[in-house]
Structure formats: C-alpha cells, structure tokens
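Enquirer: give me a 3D structure for the following:
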Amino acid sequence: MSFQVTVQPSGRQFTCDEGETILNAAIRAGVGLPYGCKNGACSSCKGKLVSGEVEHGPHQERALSANDEKLGFSLFCCAKPQSDVTIEAREVAGVGEFPVRKLPVRVAALEKKADDVIVLSLQLPANDRLQYKAGQYVEFLLRDGKRRSYSMANAPHKDEHMSLHIRHLPGGLFTDQVFSTMKERDILRIEGPLGTFFLREDSEKPIVLLASGTGFAPIKAIVEQLENAGSTRPVTLYWGGRRPQDMYMNELCEAWARTLPAFTYVPVVSNAQPEDNWSGRTGFVHQAVMADFPDLSGHQVYACGAPIVVESAQRDFVAQCKLPEDEFYADSFTSEADLASSAPATN
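Expert: Residues are numbered from 1 along each chain as shown. Predicted structure coming up:
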C-alpha cells in the first residue's frame, strides 16, 4: 500500500510507501523539503499537516511538542502517512539537482588537527566524483543499518578528495574507529549528498557565517564556494569554541581575512584559561554576532554546530535582530549523545 503526499503551495505530489516517512519519500522523489538531522531532533523539517493522518515515530520534544501536534504541525522526518495527506512546506530549490547515491570510498589520509579532531580525506571511485552543494553532508553506512552523518568540508570543485572533519566522541561507534583502528586505504560506504544547508547563490545579501566546533566544516566549504565564484558579497565568519585551540584551522581563516575581498573573521572563546593568553572576543559566539549586527534585517545567516548554539542563534537573531525567519539557514550537529540526553517523545 502507498499514499499520495501533496505539498502546498507548490502543488507537487509524490508517493509514500507504507511505513516510509514523508521526508524519505520526498528525498527519493527529488522533492526539496527542508531538513537537517533526519532523526527527529533539529525541527528543520517541521511543517503543517493540512489534511490526512500521520503517525509520528520517536522524536525530541523540543523538535515537535504535543502542543505543536495539536496545532496541526508535523515532523516530516518521522511522520508516516496513514492516509493520503496534504502538507504545507516551503520547498528548497536545487535539492533534487544532484541524485542521492551510495558509493564506496577509500580512506586517502587521516590528519590530526587537534587532540579531538581529525580531517578525514576520502578518495571516490575513479572518474566518479560525487556531485553536491557546498554545505551538504553524507552518511556513512555502518553495520546493523546504523548511519553517521558528516558534512563535506571542501567545496565540490576544490580538491581531488572529499574532506570531512571528525570530532572524537569517546564511545562513539564511528569516531572511536576513526581515532583508533582506521587506516589509509580502508574502504567505507557512503550515501549522499544530503541536506538542505547550502549556499543560496541567487541573493546578493551580506552573509553572516556562524560555526561552533566542527560545525566549521560545511562553513569552510561555503567560503570556498564563494571564493570560487568570485563573489563580492560581504561575509563575516564567527567561529566559537571553549578554548582557542578549538579553532583548529584558525590560520586558514586568518588567511581568508587577508586575501578575500569583504571577508572578516571573528574567533570567539567562551572559556579561555590564563595560560591561553587570549585577548580576542569572549562569551557566547551568537551573542558576539548580535553585538556587531543589532540589525540583521538585510542579511542571510548560515549557522552550523552544537544544537544549543544553532537554536539560540535562530531564536535571538529573529526576535532581537530583525532577521527574516526564512533567511536563517542551519545545520545542527546532533550526536547520538545529544539524542540520548533527553527522552524522545512519541504519540
């Protein structure tokens, strides 16, 4: 059995198999519903259920509350139709431009950039580069059907290899492997490109880039895309960490600030210690943006990193800095530990 999903206001339609989520069916059909984590945590795919019935699988209460459901909202990454449905969602142009594919990749290099960060370089099959947009991610296909998501840290044109930034989470199914047993020439399997976090190139608005930790990875790809396009849009990058060493590619960012027109770099440290001799900006990274840009009404913001950083930025930029809601683009890096930190909600 299958059900028909109609998207308003575009009128696009696609088929959703029994037991399949609306989001997975949309991805399969090349329909650009906005999404991020795909696991019920980030709320990027939340939209209105206009008609029909769905059953929601496990998800975070903060992503879709019981009151949200009463108001007719749905979380499409975990919503399984029980009838034909009509949904209301803002479609993202360009999502279906490149097909989602499964590919084998070979580990080309592992470069330690910090005690807890490795840059993993992957070699794709010969004459078969993965097409993607700067900012998107791939999923590693692991044993027992498990998956782990990581953003590409280089623009599609930039390097021969695909680059990913992996932060070690002790006990992590994948990161423990990266930091202990993984070696050059190992073969892995990936699926991608995925995600609707990518540079909107149809605008000339000034850009604020906001990163925390390894959320810098897709931000780096976006900067490289802007550089390759010869963009003259004003860009300000804020990169936040607890200690200065958390900005593990600080020298690259400083080089961009010297060489790229209209590019500014602002590192922000929240927990500097005396031995760090830190004299730069301090505090929460999104608050540094607010201090410098009290009026964001004419800007675009691209934010990536820890869920608390992304959620705080979206809330405060819209409420206090006049940022249009539809000009905030985000990818919340939700780990398995984040998912386990609060009980999932179910119907």
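Enquirer: quick one: low-confidence parts of the stretch 51-200 of the chain?
Expert: Within the stretch 51-200 of the chain, no stretch has pLDDT under 70.
Enquirer: which SSE is immediately downstream of the lengthiest strand in the chain?
Expert: Secondary structure assigned by DSSP state E gives strand 101-114 as the longest strand of the chain. Per DSSP states H and E, the first helix or strand lying C-terminal to strand 101-114 is strand 117-123.
Enquirer: only C-alpha atoms, please: export the longest strand of the chain in PDB.
Expert: In PDB, the C-alpha atoms belonging to strand 101-114 read as follows (Å, rounded to 0.1, in the frame of the first residue of the first chain):
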ATOM      1  CA  ARG A 101      23.700   7.800  -4.400                       C
ATOM      2  CA  LYS A 102      25.500   5.100  -2.500                       C
ATOM      3  CA  LEU A 103      29.300   4.900  -3.200                       C
ATOM      4  CA  PRO A 104      32.300   3.100  -1.900                       C
ATOM      5  CA  VAL A 105      35.200   5.400  -0.800                       C
ATOM      6  CA  ARG A 106      38.800   4.700   0.100                       C
ATOM      7  CA  VAL A 107      40.500   6.400   3.100                       C
ATOM      8  CA  ALA A 108      43.200   8.600   1.500                       C
ATOM      9  CA  ALA A 109      44.500  10.300   4.600                       C
ATOM     10  CA  LEU A 110      43.900  11.000   8.300                       C
ATOM     11  CA  GLU A 111      45.300  14.300   9.500                       C
ATOM     12  CA  LYS A 112      45.100  15.200  13.200                       C
ATOM     13  CA  LYS A 113      44.200  18.900  13.500                       C
ATOM     14  CA  ALA A 114      43.600  18.900  17.300                       C
END
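Enquirer: show me what the longest helix seen in the chain is packed against.
Expert: Longest helix in the chain by number of residues, with DSSP state H as the criterion: helix 307-321. Contact analysis of helix 307-321 by 3 or more CB pairs under 8 Å, 6 or more residues apart in numbering; DSSP states H and E lists strand 207-212, helix 285-292, strand 300-305, strand 328-332 as its packing neighbours. Using the backbone N, CA and C atoms, a C-beta is placed for each residue, glycine as well.
Enquirer: give the partner strands of the longest strand of the chain in its sheet and their orientations.
Expert: Strand 101-114 has the following strand partners under DSSP bridges: strand 117-123 (antiparallel), strand 187-194 (antiparallel).
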